[in-house]
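Student: Okay, sequence plus prediction incoming.
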Amino acid sequence: MHEISLVQGLLHQLKELAKEHKSSRIITITMEIGPLSGVVIDSFRFGFDILSADDDLVRGAKLIVQIPPVTYTCTECGHKETTVGKKPGECLKCRELFLIHEGGEELMLRQVEME
Amino acid sequence: MCDTCGCSITADKGQSKIIDVHTSLFAANDALAKVNREHFDKTGIVTLNLISSPGSGKTTLLEHTIDALKDEISIGVIEGDIETERDAERIRAKDVPVIQLTTGGACHLDAAMIHKGFHRLEKETGGDTIKLLFIENVGNLVCPSSFDLGEHERVVLVSVPEGPDKPAKYPRAFISSHTFVVSKTDLLPYFDFPVAEVMGDALHLNPHLRTMTLSSTTGDGMETWLDYLRELVAKMKGNNNLD
């Protein structure tokens, strides 16, 4: 997608947070990136490495990416399957093909450690 | 995060402090999209966001839709492209309010562009009576699917010559849409495009999708599309009368 511009958005949010908490250095950033968000985690990290190197506030900061689980509910029998991996091809109980997902589209800044 | 073992115990970090945030990186866009949607709701304007690859026939579908509905429903169009006024000129020739947003390189429209664009549409074209607003997004099946514009319905189009694997390859566009249109069905005899299989792939991703097939040039399937639009406008009118 446009991971670099998403990282720019992240850095903007971090600047605001640092100002609010009177911090001058960010140590750790924890992001939640859902498997259905369309965001490529490797590209996001790559963008972060490039942009953070040029930024005093986040230079050297550690980026932790958590992948939240997605719950797939069968439209036929209601069986729920929760996974961080690939979408199940069919309902594991009744083999119905149509499953509805809950969650997985997150692109969230969860936690920031700063000094 | 503890440096020694990676556990999530956060106490005892000396000078540093941990801030829990929970903000989406799309938060700014989503907040503006909400404002747009509330405005469209209040003023009774059904808004559709059309997304597809370049060349799937979005503008042609709009031209034919305007021809069919212009006397019945007041229509407005926001055209999104990286460069040129060409699409807006085609719509302007149909004598309905239209503005062109040129993103100058950006691969999608966002809620802020629509906010400004809609006010321009109202001012420049006297489009304050619009009841049905089409937003034709930049031709791209990837990025537009991540940006809520404040629309009521997101419509994803795939044309027959593009091939049958678009839902499988670009899942987010289908997951985030309400309606899936297969366009240029007049070309089905010349391409390997198993319609039922493609629809199945899309529904597999999103069982709530409304699906339809049409050809703007022959008019095949157009009635289903037009009825869908009429239904949305009638529903909006009903909602507003209740208030």
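Tutor: Alright, I've got the coordinates.
Student: How about the residues of chain A by chain B?
Tutor: Residues of chain A lying close to chain B (C-beta under 8 Å from any C-beta of the partner chain) are A:1-2, A:6, A:9-10, A:13, A:17, A:21, A:23, A:27-28, A:30, A:36-38, A:62, A:64, A:75, A:97-101, A:105-115. In this view, the C-beta of every residue, glycine as well, is placed from N, C-alpha and C.
Student: Could you pull out the helices in chain A for me?
Tutor: A:3-20, A:41-52 (DSSP state H).
Student: Please name whichever of the ones you listed is nearest to residue B:97.
Tutor: Residue B:97 sits nearest to helix A:3-20 of all the helices of chain A, at 30.7 Å, using C-beta to C-beta.
Student: Tell me where the model's unsure across chain B.
Tutor: For chain B, residues meeting the criterion pLDDT under 70 lie at B:1-14, B:127, B:242-243.
Student: switch to 50 and redo it
Tutor: Judged by pLDDT under 50, chain B has its weakly predicted residues at B:1-12.
Student: quick one, helices of it?
Tutor: Under DSSP H, chain B gives helices at B:27-43, B:58-69, B:86-92, B:111-125, B:166-169, B:171-175, B:195-205, B:222-242.
Student: do you know which of these lies nearest chain A?
Tutor: helix B:171-175 (4.3 Å; C-beta to the nearest C-beta).
Student: what packs against the closest one?
Tutor: Here helix B:171-175 is seen to pack against helix B:195-205 when contacts are counted using 3 or more C-beta pairs under 8 Å, 6 or more residues apart in numbering or on different chains; DSSP states H and E.
Student: Would you mind measuring from the most centrally placed residue in chain B to chain A?
Tutor: Nearest residue to the geometric centre of chain B (C-alpha atoms, centre = their mean): residue B:49, 2.1 Å. Remark: distance between residue B:49 and chain A (C-beta to the nearest C-beta, to the nearest Å) = 16 Å.
Student: Any of the residues of chain A next to chain B buried? List them.
Tutor: The neighbour-count test (16 or more other C-beta atoms under 10 Å in any protein chain shown) applied to the residues of chain A next to chain B identifies A:1-2, A:6, A:9-10, A:13, A:17, A:23, A:27-28, A:30, A:36-38, A:64, A:98-99, A:101, A:105-114 as buried.
Student: among those residues, which are in strands?
Tutor: Those of these mapping onto strands are A:27-28, A:30, A:64, A:99, A:101, A:107-114, per DSSP state E.
Student: want to try a markdown table for the residues you listed, with pLDDT as columns?
Tutor: Formatted as a markdown table, these follow (pLDDT from 0 to 100):
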| residue | pLDDT |
| --- | --- |
| A:27 | 97 |
| A:28 | 97 |
| A:30 | 97 |
| A:64 | 98 |
| A:99 | 92 |
| A:101 | 91 |
| A:107 | 94 |
| A:108 | 95 |
| A:109 | 96 |
| A:110 | 96 |
| A:111 | 96 |
| A:112 | 97 |
| A:113 | 97 |
| A:114 | 96 |
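Student: Need the helices of chain B in CSV (columns: mean neighbour count).
Tutor: As requested, the helices of chain B are exported to CSV (neighbours: other C-beta atoms under 10 Å in any protein chain shown):
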stretch, mean neighbour count
helix B:27-43, 16
helix B:58-69, 20
helix B:86-92, 17
helix B:111-125, 17
helix B:166-169, 18
helix B:171-175, 23
helix B:195-205, 17
helix B:222-242, 14
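Student: Out of those, the one nearest residue B:140 is which?
Tutor: Per C-beta to C-beta, nearest to residue B:140 of these: helix B:171-175, 9.1 Å.
Student: mind checking how far the closest residue in space to the residue nearest to the centre of chain B that isn't next to it in sequence is from chain A?
Tutor: With sequence-adjacent residues excluded and distances taken as C-beta to C-beta, 6 or more residues apart in numbering or on different chains, residue B:49 is closest to residue B:151, at 3.8 Å. In this view, residue B:151 and chain A are 17 Å apart by C-beta to the nearest C-beta.
Student: Please report how far residue B:151 lies from residue A:89.
Tutor: 31 Å (C-beta to C-beta, to the nearest Å).
Student: Comparing the two, which shows the higher neighbour count?
Tutor: residue B:151 (24 against 10; other C-beta atoms under 10 Å in any protein chain shown).
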